[in-house]
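Visitor: sequence plus the predicted model coming up.
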Amino acid sequence: MTEIPEHLLKRAQQAREKAGADTGGEAASGAEPGGGESGGAESGGAASAEESRIPAHLLERSKAARAKGGDAGGEGGGEGGGGGVAVADKVGQVVTAAPGGGGVPVGAGPGGHTQRLLTVVKSGSIQEVKATPVDKVHTWPHLLAAEFVASLACLVFTFLFSIWVNAPLLELANDNFTPNPSKAPWYFMGLQELLAWFHPMIAGVTIPGVALIVLIFAPYIDRNPSNKPEDRKFATSLMTVHLMFWAVLTIVGSFFRGPGFNFVLPWTDGLFFHL
């Protein structure tokens, strides 16, 4: 719930204290003979009107409605021959009781429900000024700075790898001599390993084509907006199977294939692999 402002609480407290003081003054003046009661009520009403924070045009409208309601109440009392409180037909119309009913003004609405004007609040804008926070960051500097650091790390790794790992160029290819085993570069060893197990149409076209098509449609199949691995189980499993499939084929073709592209154990028959 919304907390009530402090100035409204103070104003309500002052109104309650003032109402209690007016009630005590009216009771004291009612005990005096003559017209002291009506004079006290009028003076209290004038003082309350002066100290009120209600705009002047609303006060004038209330006085006019009170006078009109007093005339209607007097006629009704003369015809009915009895006192009582009259009920207004319109919302917010103020009427007075007939003579003998106490002379207390009552604001009545539909069904006889009384209403009271507490304060006039200045209308304000209902449009939200602040934007709703979202879980996003700008491309610069958050993304581009991280990518720049990652590219520098890859460059340093490649530079150090070229210094410490000996990978010289071999002699020129001899058309009259075919090496045994004849192996493709390491990034094609997965496809060469598939050729040892399946027909060239299946190993060279069907399986790689299906793998590429699945990777192309993966973002449209898994549309989960979350970046957390526990919320992306399907995408994580699909990519893991894809990487492990080609990694196993590349390792087997590189280290476990010997002369004649037969299966060998590298720790027994030697390593038939060159960078």
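Guide: Ah, there it is.
Visitor: which stretches of the stretch 151-275 of the chain have low pLDDT?
Guide: 275 (pLDDT under 70).
Visitor: how about the helices in it?
Guide: Per DSSP state H, counting those that start in this stretch, the stretch 151-275 of the chain has helices spanning 189-195, 200-201, 207-221, 233-255, 266-269. These are given in chain order.
Visitor: identify all contacting residues around the first one.
Guide: What it means is helix 189-195. 183-184, 202-204, 207-208, 246, 249-250, 252-254, 257 (CB atoms under 8 Å, 6 or more residues apart in numbering). All C-beta spots, glycine's among them, are computed from the backbone N, C-alpha and C.
Visitor: sorry, back to before: how about the helices of the stretch 151-275 of the chain in CSV, adding mean neighbour count and distance to L155?
Guide: Formatted as CSV, the helices of the stretch 151-275 of the chain follow (neighbours: other CB atoms under 10 Å; distance: least, CB to CB, whole Å):
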stretch, mean neighbour count, distance to L155
helix 189-195, 20, 26
helix 200-201, 9, 38
helix 207-221, 11, 27
helix 233-255, 14, 24
helix 266-269, 10, 32
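Visitor: so which of those helices gets nearest L9?
Guide: Each of the helices of the stretch 151-275 of the chain has some distance to L9 by CB to CB; the shortest is helix 233-255, at 54.8 Å.
Visitor: now do the closest one: which elements does it pack against?
Guide: For helix 233-255, the elements it packs on are helix 189-195, helix 207-221, judged by 3 or more CB pairs under 8 Å, 6 or more residues apart in numbering; DSSP states H and E.
Visitor: between it and helix 207-221, how many degrees?
Guide: Relative orientation of helix 233-255 and helix 207-221, computed by axes from the mean of the first three to the mean of the last three CA atoms, to 10 degrees: 160 degrees.
Visitor: run through who's touching helix 233-255.
Guide: Residues from elsewhere that reach helix 233-255, judged by CB under 8 Å, 6+ apart: 183, 186-187, 189-194, 196, 211, 214-215, 218, 221-222, 224, 229, 266, 271, 273.
Visitor: how about a cut-off of 10 Å?
Guide: With CB atoms under 10 Å, 6 or more residues apart in numbering as the contact definition, helix 233-255 has outside contacts at 181, 183-197, 207-208, 211, 214-215, 218-219, 221-224, 229-230, 232, 261, 263-267, 271-274.
Visitor: and the stretch of helix or strand K10 belongs to, what does it pack against?
Guide: Applying DSSP states H and E as the criterion places K10 in helix 6-30. Secondary structure elements in contact with helix 6-30, counted by 3 or more CB pairs under 10 Å, 6 or more residues apart in numbering; DSSP states H and E, are helix 36-51.
Visitor: any idea how far P168 lies from L195?
Guide: Going from P168 to L195 by CB to CB, to the nearest Å gives 28 Å.
Visitor: F256 too?
Guide: When CB to CB is applied, the distance between F256 and L195 equals 15 Å.
Visitor: returning to what we had before: out of the helices and strands packed on helix 233-255, the one nearest V149 is which?
Guide: Put simply, out of those the one that sits nearest V149 is helix 207-221, at 26.1 Å, with distance taken as CB to CB.
Visitor: against which helices or strands is that closest one packed?
Guide: Using 3+ CB pairs under 10 Å, 6+ apart as the contact criterion, the elements in contact with helix 207-221 are helix 189-195, helix 233-255.
Visitor: try it again with 7 Å
Guide: When contacts are defined as 3 or more CB pairs under 7 Å, 6 or more residues apart in numbering; DSSP states H and E, helix 207-221 sits against helix 233-255.
Visitor: what is the neighbour count of G204?
Guide: By the measure other CB atoms under 10 Å, the count of residues near G204 is 15.
Visitor: so which of the contacts of helix 189-195 is the closest to A12?
Guide: Nearest to A12 among the contacts of helix 189-195: W246, at 76.5 Å, using CB to CB.
Visitor: can I get the helices and strands packed on helix 233-255 in TSV including distance to E60?
Guide: Converted to TSV, these look like this (distance: least, CB to CB, whole Å):
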stretch	distance to E60
helix 189-195	93
helix 207-221	70
